[in-house]
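**Q** sequence below, structure please.
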Amino acid sequence: MDNQLILEKQDLRHLVWSKWRKSSGTAGSFLKSHSELGGHKLYYKLSDYDPLLGVVGHECVNELIVDRLLTILGIDHLRYQLIHASILVDGKEEDTYLCASKNFKQPGEDKSPLDEYYALNKFPAESPLEFCIRQGWGPYIYQMLVVDFLILNRDRHGANIEVLRDKKNKNVHLAPLFDHGLSLLFRCRSEKEIASFDVMEDHPIQSFVGSRSAWGNLSLIPVDAFPVLHPLTESHRSVLLEGLNGVIQNSLQDKIWNMIWERWCSYETFRGSR
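**A** Predicted coordinates for the structure are as follows:
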């Protein structure tokens, strides 16, 4: 995936889309598909889809922006490609942007959602966070909590964290961070919604290992265990938003950058005060 952003429209009308309901309980649905070429699977997903209006969201663009952010910060994650494409959904042709990703599971590995793995292997009364720390996954979880604060990820439920098991070597570890579409300003589609969105508001979130507060989850990180991240600077704005003119409106780009930057500055202040 050397070219992360393909602006030239691709003909992907052969893809077959299936529905995945939003776990956050909001209206609408996401559609997923996959293809196989040379023995390698490529997974595709659309932004929020409405049967009458077509693709109405920009969650796939969020995936690309967060991918770039995690690369800057030096955090292991699943890579995404944003593709301009023609697709067919229920016989109706759509001109849209979708995202594609490879399989993070390696040969010889199997996977299971963290919530299922936790339910089968936890001690009595052990919380998901305590369980992950006992497994040696504390540094991963602390990075994830920081990321989810920076982007206000509303959907880190127990199936959006995957446990990978190497059946031969009995190695168990967590998959690279993935699935960040329900973050940033994902519900904002009109200029009024974009303008009125408070980038620092602590909207309720789903966090399997934490609480309903992204800000409050930072307090779960021990003082001596804050992740060592590559610093974000104001010059990174152009890196995060490169090529997105014409993909999403300029006002949305500006607000997304303001959100990431202001939350980064708040995180740095919080970390320095501990």
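**Q** for the most centrally placed residue in the chain, give me its contacts.
**A** What sits nearest the mean C-alpha location of the chain, by C-alpha atoms, centre = their mean, is residue 180, with 1.2 Å. The contact partners of residue 180, taken as C-beta atoms under 8 Å, 6 or more residues apart in numbering, are 62-63, 66-67, 147, 151, 153. In this view, the C-beta of every residue, glycine as well, is placed from N, C-alpha and C.
**Q** and it, backbone torsions?
**A** The phi/psi pair for residue 180 (degrees, to the nearest 10) reads phi -120, psi 20.
**Q** and the contacts of residue 180, which of them are in helices?
**A** 62-63, 66-67, 147, 151 (DSSP state H).
**Q** any chance of these in TSV with distance to residue 186, neighbour count and pLDDT as columns?
**A** Formatted as TSV, those follow (distance: C-beta to C-beta, whole Å; neighbours: other C-beta atoms under 10 Å; pLDDT from 0 to 100):
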residue	distance to residue 186	neighbour count	pLDDT
62	6	25	98
63	10	26	98
66	11	25	98
67	15	24	98
147	15	23	98
151	10	23	98
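**Q** what's around residue 178, how many residues?
**A** 17 (other C-beta atoms under 10 Å).
**Q** right, and it touches residue 76 too?
**A** No: Residue 178 is not in contact with residue 76 according to C-beta atoms under 8 Å; the separation is 10.3 Å.
**Q** residues shared between the contacts of the two?
**A** Common neighbours of residue 178 and residue 76 (C-beta under 8 Å, 6+ apart) do not exist.
**Q** can you list the weak-confidence ranges in the chain?
**A** 1-2, 20-29 (pLDDT under 70).
**Q** okay, buried residues for the lengthiest helix in it please.
**A** Ordering each helix of the chain by length in residues (DSSP H) puts helix 250-273 first. For helix 250-273, a neighbour-count test (16 or more other C-beta atoms under 10 Å) marks 252-253, 255-257, 259-261, 263-264, 266-267, 270 as buried.
**Q** where do the helices sit along the stretch 1-150 of the chain?
**A** Here the stretch 1-150 of the chain has its helices, by DSSP state H, counting those that start in this stretch, at 59-73, 114-121, 128-134, 138-151.
**Q** residue 91: which of those is closest?
**A** Nearest of those to residue 91, taken as C-beta to C-beta: helix 59-73 at 21.9 Å.
**Q** got the CA positions of the closest one in PDB?
**A** Taking Å, rounded to 0.1, in the frame of the first residue of the first chain, the C-alpha atoms of helix 59-73 are listed here in PDB:
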ATOM      1  CA  GLU A  59     -15.500   7.800   8.300                       C
ATOM      2  CA  CYS A  60     -13.100   6.300   5.600                       C
ATOM      3  CA  VAL A  61     -11.300   9.700   5.400                       C
ATOM      4  CA  ASN A  62     -11.000   9.500   9.200                       C
ATOM      5  CA  GLU A  63      -9.200   6.200   8.800                       C
ATOM      6  CA  LEU A  64      -6.600   7.700   6.600                       C
ATOM      7  CA  ILE A  65      -6.100  10.800   8.800                       C
ATOM      8  CA  VAL A  66      -5.700   8.600  11.900                       C
ATOM      9  CA  ASP A  67      -3.400   6.200  10.100                       C
ATOM     10  CA  ARG A  68      -1.100   9.200   9.300                       C
ATOM     11  CA  LEU A  69      -1.300  10.500  12.800                       C
ATOM     12  CA  LEU A  70      -0.300   7.100  14.300                       C
ATOM     13  CA  THR A  71       2.600   7.000  11.900                       C
ATOM     14  CA  ILE A  72       3.800  10.400  13.100                       C
ATOM     15  CA  LEU A  73       3.400   9.300  16.700                       C
END
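**Q** fine by me, we can end here.
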